[in-house]
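1. Structure here, sequence nowhere to be found:
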């Protein structure tokens, strides 16, 4: 299916345009930002800085581009100086929705760029498609919302069978999702990486060695779902720690990776403060790690981490639909107890532990129990869940086992 699919994210965008004069939509290249902004009111003027003539004008006479309002400016990371003209225009006449900016980089992480529009802009990040959104399943993420409900009943949880290895290789970029062959899709991801290295990366920063940077990308892909130990990554890449740190920051600025921060519970408990590394697109991560077929994904010794990365595709969509009220964490203490994901919504928490197998026991909730015991305000934990490949049932005191299949249901 190659037809354009509407994005759930459009409601965030329309709300933002009604509030602040500047709305900035960021996200990795090929997530569909341009298609999204073009789907809005056709009366908006539209200019893309991928057009060299527009880019030249943005650098020489940016104010002229802003005379017609409302206006959409695409790929603004190519000349951050344009944002100074936007700032001046807003200060002269402040009106909600006048400026819609997009960029294949997180402008909040680009040095002084965020300061330029401080108090004038709202920043939204468009994630790649998750399986449910690509399949256009209306209200498909309601099960995650229901986890916060006081009358939650595990028998209402979806029971569809899932195929996570297939979705791992497909990822969430629209052009890749439209390719049926795993091998052909692998070629697309290779071209994507090459474009990022040769074009987007050079716009963000000077990198002396593209092979070194690509090696860091591959090593980071092999570490998805794990705690980010930058010293180990630097050693394996044969690079200095500062260089590796800068390369990881560039991957994050380019919206390709995200660092999930640990949830802080009782300050008296010894907790791991290192973030967990995950990729914005599971298909890109799998390609970088050399995973070419679904069978390879399931037979790897680290298959559990790749399942976690695949399900993260849905969790990041859930978070992106209400970024002001929803957060995503993980939790781990020094003895090694861990909870894969902590969903937070307006101070209420849901603990999610992910298991690849269909058989789970009370011991699989050990991390959840440790997390619950560490909380000073235990009432904020409204649900504890072990997601697995089997059927839903009560698992332990205050813990329910639920199937993850619907999150990666077959197309």
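-> Right, received. Where do you want to start? Model, not experiment: these values are computed from the prediction. Residues are numbered from 1 along each chain as shown.
2. can you map out the strands along the stretch 201-350 of the chain?
-> Under the criterion DSSP state E, counting those that start in this stretch, strands of the stretch 201-350 of the chain are mapped to 257-260, 276-279, 326-332, 338-345, 348-354.
3. again, but for the stretch 51-200 of the chain
-> With DSSP E, counting those that start in this stretch as the criterion, the stretch 51-200 of the chain has strands spanning 71-74, 99-103, 121-125.
4. Look up how far residue 321 lies from residue 396.
-> Separation of residue 396 from residue 321 (Cβ to Cβ, to the nearest Å): 30 Å. No exception for glycine: its C-beta is placed from N, CA and C like everyone else's.
5. Now do the buried residues in stretch 362-379.
-> Residues 364, 365, 367, 368, 369, 370, 371, 372, 374, 375 are the ones in stretch 362-379 that count as buried (16 or more other Cβ atoms under 10 Å).
6. Out of those residues, flag the one nearest to residue 79.
-> Proximity of the buried residues of stretch 362-379 to residue 79 (Cβ to Cβ) peaks at residue 371, which lies at 46.0 Å.
7. where do the helices sit along the stretch 1-150 of the chain?
-> 10-17, 33-38, 52-60, 62-65, 82-92, 113-116, 131-134, 142-146 (DSSP state H, counting those that start in this stretch).
8. Lowest average pLDDT across those?
-> Note on these: helix 113-116 shows the lowest mean pLDDT, a mean of 72.
9. just how off-centre is stretch 347-354 within its chain?
-> Offset of stretch 347-354 from its chain centre (Cα atoms, centre = their mean, to the nearest Å): 18 Å.
10. Kindly report the same for stretch 65-74.
-> Averaging C-alpha positions (Cα atoms, centre = their mean) puts stretch 65-74 28 Å from its chain's average.
11. same check, this time on stretch 70-77
-> On Cα atoms, centre = their mean, the centre of stretch 70-77 falls 22 Å from that of its chain.
12. returning to what we had before: mean neighbour count, the helices of the stretch 1-150 of the chain: which tops it?
-> Comparing these by mean neighbour count (mean count of other Cβ atoms under 10 Å), helix 131-134 comes out on top with a mean of 23.
13. so what secondary structure elements neighbour that one?
-> The helices and strands touching helix 131-134, judged by 3 or more Cβ pairs under 8 Å, 6 or more residues apart in numbering; DSSP states H and E, are helix 303-320.
14. What's the mean pLDDT across the helix it packs on?
-> The model assigns helix 303-320 a mean pLDDT of 97.
15. Need the strands of the stretch 51-200 of the chain in a markdown table (columns: mean pLDDT, distance to residue 317 and mean neighbour count).
-> Converted to a markdown table, those look like this (pLDDT from 0 to 100; distance: least, Cβ to Cβ, whole Å; neighbours: other Cβ atoms under 10 Å):
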| stretch | mean pLDDT | distance to residue 317 | mean neighbour count |
| --- | --- | --- | --- |
| strand 71-74 | 95 | 23 | 22 |
| strand 99-103 | 94 | 18 | 24 |
| strand 121-125 | 92 | 11 | 20 |
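16. still on that earlier bit, would TSV of the buried residues of stretch 362-379 with pLDDT and distance to residue 116 be doable?
-> TSV is the format used below for the buried residues of stretch 362-379 (pLDDT from 0 to 100; distance: Cβ to Cβ, whole Å):
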residue	pLDDT	distance to residue 116
364	94	49
365	94	48
367	96	43
368	96	44
369	95	47
370	94	44
371	95	40
372	93	44
374	90	41
375	91	40
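17. how about the strands of the stretch 201-350 of the chain, which one is nearest residue 92?
-> Nearest to residue 92 among these is strand 326-332 (35.4 Å), distances taken as Cβ to Cβ.
18. Report the inter-axis angle for that closest one versus strand 348-354.
-> Between strand 326-332 and strand 348-354, the angle comes out at 50 degrees (axes from the mean of the first three to the mean of the last three Cα atoms, to 10 degrees).
19. Taking strand 338-345 as reference, get the angle to strand 326-332.
-> Going by the same axes, to 10 degrees, strand 326-332 makes 160 degrees with strand 338-345.
20. Please give me every residue in contact with residue 309.
-> 168, 224, 225, 278, 279, 282, 285 (Cβ atoms under 8 Å, 6 or more residues apart in numbering).
21. Restricted to helices, list these.
-> 168, 282, 285 (DSSP state H).
22. what's the neighbour count on the last one?
-> Residue 285 has 30 neighbouring residues, counting by other Cβ atoms under 10 Å.
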